[in-house]
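Chemist: I would like the atomic coordinates for the input below:
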Amino acid sequence: MKPLRVLTWHIHGNYLLYLSQANVEFYLPVLPGRREGYGGRGDTFPFPDRVREVPADAVRDIELDCVLFQTRTNYLVDQFEILSEEQARLPQIYLEHDPPQGHPTDTRHWFDRPDGLLVHVTPFNALMWDSGRTPTRVIEHGVLVPDGVCYSGEIERGIVVINHLRTRGRRLGADVFERMRDEVPLDLVGMDAESMGGLGEISPPELAAFEARYRFFFNPIRYTSLGLAVVEAMRLGMPIVGLATTEMATTIEDGVSGYVDTDPSRLISPMRELLADRGLALRLGEGARRVALERFHIDRFVRDWEGTFALVTGRSHPDRALVAPGLALASGGGR
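Modeler: Got it, this is the predicted structure:
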């Protein structure tokens, strides 16, 4: 049976790289100027050949099996500009990467499709969104790390990995980062990190080897999805310190894989202990790696997505993994 053909947009490069490990042909629309979502493959990520570019004005001429939306603009605007009438009737999936940005519990999702599927990336996100009458599923992250790269922790500093932290402000924990940096040595990397005294952007293919030398990974974010940067650091074997909010509260266990708390001041002492005791950091990092291998393994992630595409396109029969509107069932080990 030939692979399914799925149209999607290039929104999150790392996520698309992991998604492209599935045995599916992905078509990325491209526009001159490459505005958001229309940048195609780009030059940053080593996508396999089954990730293909197609000019946006030629999308209506290709044969597809499914459309995967990843942003509100994809669903409310882009599809009407590039899809044919026949393609607009294809099975549709909306991949929601974030929790609600409006009211945290009463925001109704705009993907209102009882014949579609809304995929959340964490159980927390599914809990907070009002998914209305749309069937839902949770597919937790799955990640890869470069061969031969593992945690060493020889740099007695913590590392923070967030793009545009200054402009994204309190939700991403800009104030928390600055407060904690006054107490413990922390380096910030990511786009525009220099504006907050950080080191700047590290190329995604080089980030794993760069950060693995740091003693611990610090996540100051108040409210967002469980970031891929956190999961990737766990997979490397880095101990994680962060706020006990969103899915972080179920991911990191104190004294096992790192430390989390809702009071940042209570994280200062554990961070200092990690800086002083590399053996402790190695032990907690190994705990984080075990969790990542159990819960965020790329093979499970690929199986979940291949099964989801097969389900919505009719290549498999519905089962209990597709649940009633407004509910969600998590996929992943250790759940």
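Chemist: Identify the residues contacting the closest residue to V6 other than its chain neighbours.
Modeler: Take V6 and drop its neighbours on the chain: the residue closest to it by CB to CB, 6 or more residues apart in numbering is C66, 4.8 Å away. For every residue, glycine as well, the C-beta is placed using N, CA and C. Shown in contact with C66 (CB atoms under 8 Å, 6 or more residues apart in numbering): 4-7, 90-93, 309, 312-313.
Chemist: Please point out which parts of stretch 105-122 sit buried.
Modeler: Going by neighbour count (16 or more other CB atoms under 10 Å), the buried part of stretch 105-122 is 109, 111, 113, 116-122.
Chemist: Could you check how far the closest residue to S195 other than its chain neighbours is from V184?
Modeler: Distances taken as CB to CB, 6+ apart place R166 nearest to S195, at 4.8 Å, with adjacent residues excluded. In this view, R166 and V184 are 20 Å apart by CB to CB, to the nearest Å.
Chemist: G279 now?
Modeler: As for G279, its distance to V184 is 18 Å (criterion: CB to CB).
Chemist: sorry, back to before: if you count surrounding residues, which of R166 and V184 has more?
Modeler: Ranked by neighbour count (other CB atoms under 10 Å), R166 and V184 place V184 first, with 21 against 18.
Chemist: Wait, the more buried one touches P270, no?
Modeler: No - counting by CB atoms under 8 Å, V184 does not reach P270; the two are 9.8 Å apart.
Chemist: where do the contact lists of the two overlap?
Modeler: Common contact partners of V184 and P270 (CB under 8 Å, 6+ apart): none.
Chemist: Any regions of the stretch 51-200 of the chain where pLDDT drops low?
Modeler: Within the stretch 51-200 of the chain, no range satisfies pLDDT under 70.
Chemist: Now V51, what are its backbone angles?
Modeler: Note on V51: its backbone torsions stand at phi -90, psi 110 [degrees, to the nearest 10].
Chemist: What number of residues are in the vicinity of it?
Modeler: Neighbour count for V51, taken as other CB under 10 Å: 21.
Chemist: partner residues bridging it?
Modeler: F26 (DSSP bridges).
Chemist: residue contacts, it?
Modeler: 16, 20, 26, 28, 41.
Chemist: Can you list which of the residues you listed are found in strands?
Modeler: Counted as lying in strands by DSSP state E, out of the contacts of V51, are 26, 28.
Chemist: What pLDDT is listed against E36?
Modeler: The score at E36 is 88. That number is its pLDDT.
Chemist: mind listing what it touches?
Modeler: Contacts of E36 (CB under 8 Å, 6+ apart): 11, 73.
Chemist: one step back: out of the contacts of V51, who's nearest V160?
Modeler: For the contacts of V51, the residue nearest V160 by CB to CB is L16; the value is 23.6 Å.
Chemist: hang on, the closest one packs against F45?
Modeler: Yes - judged on CB under 8 Å, L16 makes contact with F45 at a distance of 7.2 Å.
Chemist: Neighbour count for those two, which is higher?
Modeler: Between L16 and F45, L16 has the larger neighbour count (other CB under 10 Å), namely 20 against 16.
Chemist: where does the more buried one land on pLDDT?
Modeler: Note on L16: pLDDT of 98.
Chemist: Which parts of the stretch 151-300 of the chain are strands?
Modeler: Along the stretch 151-300 of the chain, counting by DSSP state E, counting those that start in this stretch, strands occupy 155-161, 186-189, 214-219, 240-243, 258-261.
Chemist: That concludes my questions; thank you for your assistance.
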